[in-house]
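Chemist: what would the 3D arrangement of this be:
(2 chains)
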Amino acid sequence: MKIKKRFCHSYCLSGHPTLPCNVLKFKSTTIMLDCGLDMTSTLNFLPLPLVQRYVLMHPKTKQTELIDLSTVDVILISNYHCMMALPYITEHTGFSGTVYATEPTVQIGRLLMEELVNFIERVPKAQSASLWKNKDIQRLLPSPLKDAVEVSTWRRCYTMQEVNSALSKIQLVGYSQKIELFGAVQVTPLSSGYALGSSNWIIQSHYEKVSYVSGSSLLTTHPQPMDQASLKNSDVLVLTGLTQIPTANPDGMVGEFCSNLALTVRNGGNVLVPCYPSGVIYDLLECLYQYIDSAGLSSVPLYFISPVANSSLEFSQIFAEWLCHNKQSKVYLPEPPFPHAELIQTNKLKHYPSIHGDFSNDFRQPCVVFTGHPSLRFGDVVHFMELWGKSSLNTVIFTEPDFSYLEALAPYQPLAMKCIYCPIDTRLNFIQVSKLLKEVQPLHVVCPEQYTQPPPAQSHRTDLVIDCQPPATSYRRAEVLTLPFKRRYERIEIMPELADSLVPMEIKPGISLATVSAVLHTKDNKHVLQPPPRPAQPTSGKKRKRVSDDVPDCKVLKPLLSGSIPVEQFVQTLEKHGFSDIKVEDTAKGHIVLLQEAETLIQIEEDSTHIICDNDEMLRVRLRDLVLKFLQKF
Amino acid sequence: MDHECARLLPAVCAVLADPRQPVADDTCLEKLLDWFKTVTEAESSLLLLQENPCLLELLSHVPTLQDVSAGVLSFSLRLAGIFAAQEDCFQYLQVELLPGLFGAAGPLSRAVWAVPTVRSGWIQGLRSLAQHPSALHFLADHGAVDTVFSLQGDASLFVASAAGQLLVHILALSMGGRAEGHTCPQGDDWPTCAQKIVGHIEESLCSTDTSRVTQALNVLTTTFGRCQSPWTEVLWEQLSPLVARLLERDPVPAPHPLVDLLLCVARSPVLGSSDLGPWEMTAQALSRLGPTQAGPLALGVLKLHLCPQALRTQAFGVLLQPLACVLKATTQAPGLPGLLDGTSEDSVVADALLSSKSSCVGLLCRTLAHLEELQPLPQHPSPWPQVPLLRAVVTILRLCDGSAVPASSVGGCLCGTLAGCVRVQRAALDFLGTLSQGMGPQEQVTQVFAILLEYLERPDSSPMVLKKAFQATLRWLLSSARTPGCSGLGPHAVLFLPELFPVLQKRLCSPCWEVRDSALEFLTQLSRHWGGQADFRHVLLESEVPELTQQLLQDPESYVRASAVTAMGELSSRGLHATPTSPEQPEVQQSLLPEFLHILSADSEGFPRRAVMQVFTEWLRGGHADVARDTERFMATVLQVVSRDLDWEVRAQGLELALVFLGQTLGQPGPHCPYTVTLPKAAPPSPLTEVLGALCRVRLFEFAFRALFDCDRPVAQKSCDLLLFLRDKTAPYGSPWEAGGSPDSASVEAALQRWQAGEQGQPLGDLEPEAMLATLRSIDLEGLRGTLAQGSDHVEKSPQSLLRDMLATVGILQENQADCY
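Modeler: Presented below is the predicted three-dimensional model:
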């Protein structure tokens, strides 16, 4: 039933396409899609070593002036990397809604946050400075700080207490679970194939479907494969979180990683892998599990150092239902799904919460160390950079694509150790996107503007853009976008007793009409037509339905008209009734019958007829009755 | 036909004529036909039919059967054709039998005609039958040619193709008698049958139905390809205007068959050299056809030995157009001088390149493959545009890795299409390797090495692309060393090698086994060619490559272990496997022999063991220090291990090793021996007794005798050759011992008999040379060689066996039926 045209708006709060934060206003519901934390601003600071030094730590949160965060009803999280800003949003903003995420997302997201907080809090700050953020002072600072924009939005890192409070607002969901939001829309998470528990989201009403695709992968790694079929028939597909390195093939990079690791270790050097405590590290360990024996490196120890190393390795083994089929089937054997369990058992892989304590006793070189943080600004990695940076035998291998490795290395220069950049990003590349879009065929694609033009460094690579028909609608940071579809219909239920009383009349073969007088009752975004409260009273109705709780005012109902007026017969009838000097003109929409003598116009169009005459009510009524003869009434 | 076959034949015919006894295996019918063909080649068919009335009975009975199997009917048609190929037999069969098989009353009018095998049998029968003028009358009388016309469009490709071939055959047969010795008549005077076929071809060529045009073109191509008589010239004269008219249509119909026809005419000695040569039409085709079809035509033209120069230039231009287009799209400078003038065609090529990824990739790959094929030919275009071609290939490789900067929108589009395209990368690297024969200016060669290094370094290179990059690199390195006036490695290689080895090191550590394998193969080749060059030795020994290679002897992948064995064997031969045992003796190599022997005896896969045997053979030939130190002990150990090997190729390689050893101790094998052995120096043969003593000590006799009865024929054959060589070499020295004369030789022979019977267990033990020599002389090696030379199925191949098998199969079927009831 047609009600009224309404629009769906999307507010973009993040300029980083892989750390999205969008707000969707859809059917009076405000939905935040992801809240990634852009930490690239930390590269402007000096590394936070374990030896105390005065530093500031200011991760950047998202633009929030655009929208009042307290009005956000729900937050949908697509993967653990995209929830790192959650405490900034749920705490101290008046947010009172619900956050939806899958269990692995929450558990691993908690680990990432815990690690971040631990890294920062490990080095207590005697005082903090914020005067420099004053624009007059900032412009005097050396580059790149003086060029940094919106430093006022940079915030201190949250505390563990805030993390816990934020996580307590999360409601766990499973793949394909349908969640009703206020009766207005239904949201469903689907497997996105990128990380443990990572999801794409379907947001749909009875007549519209918006798909939110964020951080998806079609490669066969450890997570459950991507569910593509459920994305079909979308009106709009919001596409974010594509690979950050579209020109690098993950397989080639893994090969590069292994080769360089082997060469370094053979020469007696150590390998440092700055990484997050979850995600690609599982695949790297699996790859090394197969590789080290064949390369004759089985005696080289692998160290994984993170405050959450133990939890991360153990969590990965218990989320069997979220894993790919191969790994799931191992659980029934029973075997641990990931081979790192065996690496730990055979003492090839050892994990420690930090470099203090047991690690310093066990530490043996040459070795391979996996530790955070990939920005090289805090965490145990800072120590290893300082320890190993001076020797050309050692190698640092960057596998996380989130940070520019050259910028990350800048404060450590001059550096003798070798640096290898093999970013492993399993998210969709443009070829996969184009295949996906061909398969899913959404009516419209909406994506960050970065995906509609080639990367600035490779402006000739016209293949590195989203290629679809019609062309994708792009958005940029702090932009409000009207999604390219109009909501036209709303479902209304009719109470059975009311439906019984209807008498349909066939106006065309197969099409019957009936007038209905009823009360429209709207609650929780559900609309119901109920019988009028006073059936004894004369029936009333309206030409157009209105979504409201008002009891309709009861006017005398004019009959509804249907049919068309055959002009020639109409003219003949007019002549029969004494009108002469009739002229008929054709117009774009119908006809004008001109009664020249009476100086009267009869405008006949497809859906309206107007009689224009000069204050002669008698004549108008006469003409009206003649017109009505040709129309059906009911 | 021998008596036994004649005895079995009636039963077989009865089986075939009985629809209740289906022939389970169609291949036996094919074998039967092959046999009849051989028989009729030697004997008179008429006589055969008269002596074996069952055959005639079969041929006359089968077509009348209602529920005959399609296979048997097809067989009968073909068999009748084989018999009727002889004119007297044809006359004998013509009255009753042949019309019933090939005429309108035959299978043609029956439901079984719907089975393609029957139609195919009908055509093949006629094809065999049409050997003499009487056959032509038969064909005309029964309207067979019209049926063949219609079969040209048959749904079954085999039938359609056979129909076309049959038409060509009939045309040639009807013209055959006429053209001998005198001038060829004009088309109007041709026999009716030929006129009818030519009329049909003319009609087809004028048809708007592309499939009919294709049929006509195919018939013409086959005709001109097969017949070189003067009448073909008249035919071409008559039909060439119609063919030319095809080129005026838009689009040109059936471009591929048209190209085939033009090339066939051009190659024909009768037509190619005449005034009516197809040159003008070919030139027109080159300009009218799209780049996909014009490419093969251009290549064909350039491969011709006799062809007008203008046409060759045009063809080369067409072939180069896609590359010219690539160059134009990426640089502002003109691409190939003199070959970029046709701007209109250029846009057609650009359109083809841009229309879709598959068309772009296909066109470029084909162009590169055509040029690669052309380059080594003596008739390749001269001057060969080496410089622009190199530039084009390097540009294509840069487009593929995304590093080329496009100069136009076409370039931008190409960049997007080609980025990461493995097929084009492979084709371009192959062609780049071929271009190494011509070298180029210094600056360009530097660019070539730069792009090769880039490909070898790129983490994204697929294993196949890497392999091609290694191959191309090797070719360029070797040809840069061949530059005139250059001694040693050549300036490019000297600069390139230090950059290459770190990459090679990385590739040897790759987790992908194909990459490790290609890197090892590359290293082997490089060492084989340059192992003696000081610069190369220096760079190699400075790197970790030898150490990594040795590590790969334990690789989990057997192919890689095999390649590592070959590489280490090569490095060791060249003294490049330097792991200094002590600082005082840096040059002393640690012996690889124990490690290789361990692989030979313990590796579970065949490839590494085969590789070890090849290396050992090379080492023995080359006088490697590890082998020369105590050759007898080496031989004894290796032969002992090899004789137990389960892989026949390893055992065969063991015999090869033994042969080299024999060559070195007894002198080189004579020319009768298929194995060429090169000795480092001609060692004077030692006295026979000494040599025989050595052979006994290394247990070579035992190894060879055992191999003589090997269950794998190639091993037995090789052993037979080796023993023959040994017997010939020892013959001139005379022998005081007679065969069977000593008790030892009796025990040897007893052991041999046991081995022949399949008992492999017992060794011979320590025996005297005399006994061995006596045994050697007692064995009928020539006879054995004859038996081994025959296929293992020589007994089963005989016609008697075939006929018996057919009867036996039916017998078994009957038994099964009986069981069912």
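
Chemist: residues of chain B that sit close to chain A?
Modeler: B:402, B:404-406, B:411-413, B:415-417, B:419-420, B:458-461, B:505-507, B:509-512, B:515, B:544, B:547-548, B:551, B:554-557 (C-beta under 8 Å from any C-beta of the partner chain). Backbone N, C-alpha and C define where each C-beta goes, glycine included.

Chemist: which among those end up buried?
Modeler: B:402, B:404, B:406, B:411-413, B:415-417, B:419-420, B:458-461, B:505-507, B:509-512, B:515, B:544, B:548, B:551, B:555, B:557 (16 or more other C-beta atoms under 10 Å in any protein chain shown).

Chemist: tell me which element the nearest residue to B:P191 once chain neighbours are set aside is part of?
Modeler: Distance criterion C-beta to C-beta, 6 or more residues apart in numbering or on different chains; nearest residue to B:P191, sequence neighbours excluded, is B:S174 at 4.7 Å. Assessed by DSSP states H and E, B:S174 sits inside helix B:157-179.

Chemist: which residues touch the helix or strand hosting B:L271?
Modeler: Using DSSP H and E, B:L271 maps to helix B:269-272. Contact partners of helix B:269-272, identified using C-beta atoms under 8 Å, 6 or more residues apart in numbering or on different chains, comprise B:224, B:228-230, B:232-233, B:236, B:265-266, B:277-278, B:304, B:306.

Chemist: can I have the buried ones of those residues as a ChimeraX selection?
Modeler: ChimeraX command restricting those to the buried ones, with burial defined by 16+ other C-beta under 10 Å:
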select /B:224,229,230,232,233,236,265,266,277,278,304
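
Chemist: what number of residues are in the vicinity of the residue of the stretch 101-250 of chain B found nearest chain A?
Modeler: Minimum separation of the stretch 101-250 of chain B from chain A (C-beta to the nearest C-beta) falls at B:D250, amounting to 30.6 Å. Residues near B:D250, counting by other C-beta atoms under 10 Å in any protein chain shown, number 7.

Chemist: now A:E479: closest residue in space, sequence neighbours ignored.
Modeler: Closest to A:E479 by C-beta to C-beta, 6+ apart is A:C12, at 5.1 Å.

Chemist: thought the one you found was touching A:L481?
Modeler: Yes: judged on C-beta atoms under 8 Å, A:C12 makes contact with A:L481 at a distance of 6.9 Å.

Chemist: shared neighbours of those two, anything?
Modeler: Taking C-beta under 8 Å, 6+ apart as the criterion, A:C12 and A:L481 both touch A:Y475.

Chemist: pull the CA atoms of the helix holding B:L271 into PDB?
Modeler: Provided in PDB are the C-alpha atoms of helix B:269-272 (Å, rounded to 0.1, in the frame of the first residue of the first chain):
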ATOM      1  CA  PRO B 269      53.400 -25.700 -56.300                       C
ATOM      2  CA  VAL B 270      50.900 -25.600 -59.200                       C
ATOM      3  CA  LEU B 271      48.900 -22.500 -58.100                       C
ATOM      4  CA  GLY B 272      51.400 -20.600 -56.000                       C
END
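
Chemist: okay, buried residues for the following helix or strand past that helix please.
Modeler: Following helix B:269-272 in sequence order, the next helix or strand is helix B:279-288 (DSSP H and E). Neighbour-count burial for helix B:279-288, counted by 16+ other C-beta under 10 Å, picks out B:279, B:281-286, B:288.

Chemist: residue contacts, A:C468?
Modeler: A:434, A:437, A:445.

Chemist: likewise for A:N233?
Modeler: A:209, A:441 are the contacts of A:N233 under C-beta under 8 Å, 6+ apart.

Chemist: could you rerun that using 7 Å?
Modeler: Residues in contact with A:N233 (C-beta atoms under 7 Å, 6 or more residues apart in numbering or on different chains) are A:K209.

Chemist: next: B:C415.
Modeler: With C-beta under 7 Å, 6+ apart, B:C415 has these contacts: A:460-462, B:399, B:402, B:404, B:406.

Chemist: just give me how far the one helix or strand it maps to sits from the chain centre.
Modeler: Secondary structure assigned from DSSP H and E places B:C415 in helix B:409-418. Here helix B:409-418 is found 37 Å from its chain centre; the criterion is C-alpha atoms, centre = their mean, to the nearest Å.

Chemist: ditto for stretch B:528-537
Modeler: 34 Å.

Chemist: tell me which residues of that stretch come out buried.
Modeler: B:530-531, B:533, B:536-537.

Chemist: surely A:D467 is in contact with A:S434?
Modeler: Yes: contact criterion C-beta atoms under 7 Å: A:D467 and A:S434 qualify, at 5.2 Å.

Chemist: quick one on the thing from earlier: could you check how far the residue nearest to B:P191 is from A:V621?
Modeler: Between B:S174 and A:V621 the distance is 98 Å, computed by C-beta to C-beta, to the nearest Å.

Chemist: circling back to that earlier point, looking at A:C12 and A:L481, which is more packed in?
Modeler: A:C12 (27 against 18).

Chemist: near chain B, which residues of chain A show up?
Modeler: A:247-249, A:252-256, A:258-260, A:262-263, A:266, A:287, A:291, A:294-296, A:422, A:458, A:460-463 (C-beta under 7 Å from any C-beta of the partner chain).

Chemist: can you rerun that using 6 Å?
Modeler: A:249, A:252-253, A:255-256, A:258-259, A:262-263, A:291, A:294, A:296, A:460-463 (C-beta under 6 Å from any C-beta of the partner chain).

Chemist: so who does the residue of the stretch 651-800 of chain B found nearest chain A touch?
Modeler: When scored by C-beta to the nearest C-beta, the stretch 651-800 of chain B has B:Q653 as its residue closest to chain A, at 26.8 Å. B:Q653 makes contacts with B:M613, as judged by C-beta atoms under 6 Å, 6 or more residues apart in numbering or on different chains.

Chemist: mind running it again at 8 Å?
Modeler: B:610, B:613-614, B:617, B:642.

Chemist: and the residue nearest to A:Y489 when sequence neighbours are not counted, how many neighbours?
Modeler: Closest residue to A:Y489 apart from its sequence neighbours, by C-beta to C-beta, 6+ apart: A:Y207 at 4.6 Å. For A:Y207, the tally of surrounding residues (other C-beta under 10 Å) stands at 11.

Chemist: check which helix or strand covers A:Y207.
Modeler: Using DSSP H and E, A:Y207 falls outside every helix and strand.

Chemist: neighbours around the residue in the stretch 301-450 of chain A that chain B sits nearest to, how many?
Modeler: Closest contact between the stretch 301-450 of chain A and chain B, by C-beta to the nearest C-beta, is at A:C422 (6.4 Å). Counted with other C-beta under 10 Å, the neighbours of A:C422 add up to 23.

Chemist: any idea how far B:A42 is from B:T221?
Modeler: From B:T221 to B:A42 the distance is 35 Å (C-beta to C-beta).

Chemist: ok, A:V567 next?
Modeler: 98 Å.

Chemist: more crowded one of the two?
Modeler: A count of neighbours by other C-beta under 10 Å puts A:V567 above the other of A:V567 and B:A42, at 17 against 8.

Chemist: list the contacts of the more buried one.
Modeler: A:584, A:591, A:593, A:604 are the contacts of A:V567 under C-beta under 8 Å, 6+ apart.

Chemist: just those residues: which are in strands?
Modeler: A:584, A:591, A:593, A:604 (DSSP state E).

Chemist: for the third one, list each beta-bridge partner.
Modeler: Right, A:V593. A:V584, A:I602 (DSSP bridges).
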